[in-house]
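[1] Compute the structure for the input listed below.
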Amino acid sequence: MNQFDIQILLIFKQIFKGHRELGEKILYILKQTDIELIRKDYIETHFYNWLIGDLVQRKTAHDSQIGSRVDFYDKNKKILGLNHTYTRTKGLMDCFKSPWWKTMNYIILSRRLINETINSEIDIKVSNIPVNLNHNTEIILVSDLWRKVTFKEKVHILDKYIYCDHIDDRIVEVYISCDYSSFCYLL
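    You can find the predicted model right below:
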């Protein structure tokens, strides 16, 4: 019991002429009511945050058409109430009443991608000028033409070109044109 609770109990003791148990019962009910209000507020805030995150994730999935987000939405379209363009067809009250949104795994999806990207031993190089790697893979031997990618580029390239296609795990190096028009990889 904290200082505030003790003061409330002393006030109740004076009001109820020494009936401490009655004051304790009222304080217990007030705390339970507060806890329930806090719980409801937390759930509503969490649902609002889910809605915002869901909109962003669906927009990204619709724009990219490849990657783990698209796989997730395609696999769960019926449960999520989405149509072929990832537009919600289910009402917000139905979404709120359904338990699945409380266990959404957006954080898990993005954490998995980040972990895979950080731990990836694939060496990715981007050309300094646009090149066609479809029929001219000998160009990868020109060392001045290539630079290492930034972390942001690595995330984009691995998500868009490697992870989405479930390409062979034995990939060691990836060479990609700076305009992202072509790429090749070495095993």
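[2] Only C-alpha atoms from now on, for both contacts and neighbour counts.
    Will do.
[3] My guess is residue 77 contacts residue 85. True?
    No - taking contacts as CA atoms under 8 Å, residue 77 lies outside contact range of residue 85: 10.1 Å.
[4] quick one: contacts for residue 96?
    For residue 96, the contacting residues are residue 47, by CA atoms under 8 Å, 6 or more residues apart in numbering.
[5] Which one's more surrounded, residue 77 and residue 85?
    With neighbours defined as other CA atoms under 10 Å, residue 77 and residue 85 compare such that residue 77 has more, 15 against 11.
[6] Report pLDDT for residue 111.
    pLDDT for residue 111: 58.
[7] swap in residue 120?
    Note on residue 120: pLDDT of 75.
[8] Next, count neighbours for it.
    Other residues close to residue 120 by other CA under 10 Å number 12.
[9] For it, grab phi and psi.
    With angles defined as degrees, to the nearest 10, residue 120 sits at phi -70, psi 130.
[10] same thing with residue 126?
    phi -120, psi 140.
[11] Quick check, it in contact with residue 179.
    No - applying CA under 8 Å as the test, residue 126 and residue 179 come out as separate, 9.1 Å apart.
[12] Which one's more surrounded, these two?
    Comparing residue 126 with residue 179 by neighbour count (other CA under 10 Å), the higher total belongs to residue 126, at 24 against 13.
[13] Please name the bridge partners of the residue nearest to that one when sequence neighbours are not counted.
    Closest residue in space to residue 126, ignoring its immediate chain neighbours: residue 176 at 5.0 Å, by CA to CA, 6 or more residues apart in numbering. Beta-bridge partners recorded for residue 176 (DSSP bridges): residue 126, residue 183.
[14] what's the spacing between residue 16 and residue 129?
    From residue 16 over to residue 129 the distance is 84 Å, taken as CA to CA, to the nearest Å.
[15] So the two - more neighbours on which side?
    Shown here are residue 16 and residue 129; by other CA under 10 Å, residue 16 has more neighbours (13 against 10).
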